[in-house]
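# Starting from these lines, generate the structure:
(one chain, ligands or ions: 1)
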Amino acid sequence: MTKFYASYPEGRPRRLRRTAGMRALVRETSLEPRHLIQAVILREEADPSEVKALDGVKRMTPAEAAEAAVRARDLGLGGLALFPYTKTSDRDASGSLAFDEGNLMGRAAQAIKEAAPEMVIIGDVALDPYTDHGHDGLMGEDGTILNDPTIEALCRQALALARCGFDMVAPSDMMDGRVGRIRKALDGEAFEDTGILSYAVKYASVFYGPYRDAVGSRGALKGDKRTYQMDPANALEGLKEAALDISEGADMVMVKPGLPYLDMITRVKDKFGAPTVAFQVSGEYAMLKEASKAGAFDFQSAMMEALICFRRAGADAVITYAAEEMAGLL
Ligand code: PBG
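Residues are numbered from 1 along each chain as shown. I've put the predicted structure just below:
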């Protein structure tokens with residue numbers, strides 16, 4: 001067997017950890033503000049900013065989101081990913097508010113593009129913030145989520161987002177074949193420069209709990225999302241999903257949730273080499289926040305460690321609710 005390292009006592013790995021300067025010299029990965037994408041939950045003026053399940057995160061009006069975009073630009077953040085809070089009375093079976101360019105997402109995009117036009121903004125494509133049953137797709141009479149009719153709706157939603165100035169649309173719905181159809185729909189209206197960040201490897205996860213509260217879906221959701229989101233036990237299926245989305249035209253792919261799924265980030269990045277984004281989801285943020293409140297550790301130190309681990313695993317960027325706070329420390 002080839003010996004790659006001198007072993008003790010000649011070899012002493014601690015030499016490279018002795019001082020901060022030595023550690024910096026041999027550090028293998030870095031975390032910069034451009035690697036962080038701020039997750040932003042939008043609200044109408046009359047709706048509450050406080051999210052009970054997500055201490056430390058406030059919903060923002062379009063004007064507040066525009067101010068956040070200016071701060072994000074000044075900090076050098078990679079982008080903003082927007083999600084809307086929708087009250088029960090604005091939801092219906094087909095999620096029709098999703099197609100309305102005057103909705104919260106559209107108005108926020110316009111306000112942001114006026115205030116900080118160079119800031120990258122990403123719009124989530126899925127019907128769950130707008131449906132009265134809380135699912136990402138259209139529901140058939142027997143309660144199944146209908147794939148092909150949902151794709152039509154997602155194309156309309158993606159077009160509405162593109163018209164409002166989103167740089168990228170991010171289908172988070174996990175319907176089969178939607179990336180290719182959205183690409184075609186965008187190109188058909190001369191939005192060939194609007195990118196697609198696909199939630200390619202997205203699991204049916206309890207870690208989305210606080211998010212459902214944040215966008216107003218918690219009470220609404222009937223059943224669960226396991227007929228379209230992936231089984232946490234599966235890895236090869238995730239590679240297939242990523243391969244399909246890339247072949248259909250996804251510019252970037254996402255793995256979600258983040259920390260319990262680091263292996264998938266590494267596998268997807270290694271196999272396809274495409275820009276790969278990790279989503280540190282609401283439940284992950286809440287875990288660190290609540291544990292720090294209970295005295296387990298310092299929130300910012302724990303968050304910083306988690307974020308560098310995403311980078312080490314192979315993520316090019318991380319969507320996180322703590323992007324602005326962490327970038328301020330970098
Ligand atoms: C909806 C969507 C979800 C998240 C992003 N887009 C929730 C879900 O699929 O149920 C989760 C984000 C988070 O937990 O922070 N398609």
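# Show me which residues of stretch 248-262 are buried.
Within stretch 248-262, the residues that qualify as buried by neighbour count (16 or more other CB atoms under 10 Å) are 248-259, 261-262. C-beta here means a position set from N, CA and C on the backbone, and glycine is covered the same way.
# Roughly how far does the closest residue to residue 51 other than its chain neighbours sit from residue 327?
Leaving aside its chain neighbours, residue 51 sits nearest to residue 214 (4.6 Å; criterion: CB to CB, 6 or more residues apart in numbering). If you measure residue 214 against residue 327 using CB to CB, to the nearest Å, the figure is 21 Å.
# quick one, which of those two is more surrounded?
The residue with more neighbours, out of residue 214 and residue 327, is residue 214; 26 against 22, by other CB atoms under 10 Å.
# so what pLDDT did the more buried one get?
We have a pLDDT of 95 for residue 214.
# wait, doesn't it sit right on residue 282?
Yes - between residue 214 and residue 282 there is a contact under CB atoms under 8 Å: 6.5 Å.
# So which of the buried residues of stretch 248-262 are in strands?
Counted as lying in strands by DSSP state E, out of the buried residues of stretch 248-262, are 252-256.
# Closest one to the ligand out of these, please.
Nearest to the ligand among these is residue 256, at 7.0 Å by CB to the nearest ligand atom.
# In contact with that closest one, which residues?
172, 199, 201-203, 205, 278-279, 281 (CB atoms under 8 Å, 6 or more residues apart in numbering).
# what bridges to it?
Legend: beta-bridge partners of residue 256 under DSSP bridges are residue 202.
# how about the strands in the stretch 151-300 of the chain?
Secondary structure of the stretch 151-300 of the chain (DSSP state E, counting those that start in this stretch): strands at 168-171, 195-202, 252-256, 276-279.
# Report the mean confidence score over the last one.
Right, the one you point to is strand 276-279. For strand 276-279, the per-residue pLDDT values average out at 98.
# Spell out which residues of the stretch 201-330 of the chain are next to the ligand.
Taking CB under 6 Å from any ligand atom as the contact definition, the stretch 201-330 of the chain meets the ligand at 208, 211, 225, 281-282.
# Nice, that's everything, thank you.
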